[in-house]
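S.K.: Sequence first, then the predicted structure, then my questions.
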Amino acid sequence: MLLNGARGPVVGRVTMDLVMVEVRDGRATVGDVATLVGEADGLSNTLDQFASWSETIPHELLAGLGPRLPRIYR
C-alpha cells in the first residue's frame, strides 16, 4: 500500500473489504489517501506486482473488486 510517500506492508489477512496496513512514525491520519494499485508520491504499485505478491494473476484481482469499492476516475 502506498501511503504518504512510503510503502506500508499489508498486515494479517485481507478480508471482504478491509485491509490493515502497517503504519510507523505517525505518518498517517484519518482522511489520507492510500493507493493499492497505481502511482503516488513518486512510487508505484502495478497490477502485475500486486498479483505476484498475492501469488495470483491480475485478472483474478480485478474480478474481485466488488461494487462496494468506491471508484475515482482521473
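M.R.: All right, it came through fine. Not measured: the values here are computed from a predicted model.
S.K.: hey, let's count contacts and neighbours off CA atoms from now on
M.R.: Fine.
S.K.: Please, where are all the strands along this structure?
M.R.: Remark: strands assigned in the chain by DSSP state E are 2-3, 6-7, 34-35, 38-40, 43-45.
S.K.: which helices and strands does the third one pack with?
M.R.: Packing partners of strand 34-35 (3 or more C-alpha pairs under 8 Å, 6 or more residues apart in numbering; DSSP states H and E): strand 2-3.
S.K.: Check what contacts stretch 33-41 and list those residues.
M.R.: 1-5, 44-47, 50 (C-alpha atoms under 8 Å, 6 or more residues apart in numbering).
S.K.: which among those end up buried?
M.R.: 1-4, 44-45, 47, 50 (16 or more other C-alpha atoms under 10 Å).
S.K.: how about the protein, which residue sits the furthest from its center?
M.R.: Distance from the centre of the chain peaks at Asp25, with 19.3 Å (C-alpha atoms, centre = their mean).
S.K.: If I look at it, what pLDDT would I see?
M.R.: pLDDT recorded at Asp25 is 77.
S.K.: give me every residue that touches it.
M.R.: Going by C-alpha under 8 Å, 6+ apart, the list of residues near Asp25 is empty.
S.K.: Flag the shaky bits of this protein, pLDDT-wise.
M.R.: For the chain, no stretch has pLDDT under 70.
S.K.: Nearest to the spatial middle of it, which residue is it?
M.R.: Centre-nearest of the chain using C-alpha atoms, centre = their mean is Leu36, 2.0 Å out.
S.K.: Phi, psi for that residue please.
M.R.: Dihedral pair for Leu36: phi -80, psi -50, per degrees, to the nearest 10.
S.K.: go on, Gly12?
M.R.: phi 80, psi -160.
S.K.: Name the nearest residue to it, sequence neighbours excluded.
M.R.: Spatial nearest neighbour of Gly12, chain neighbours left out: Met20 (7.0 Å); criterion: C-alpha to C-alpha, 6 or more residues apart in numbering.
S.K.: ok, Gly8 - contacts?
M.R.: 1-2, 21-23.
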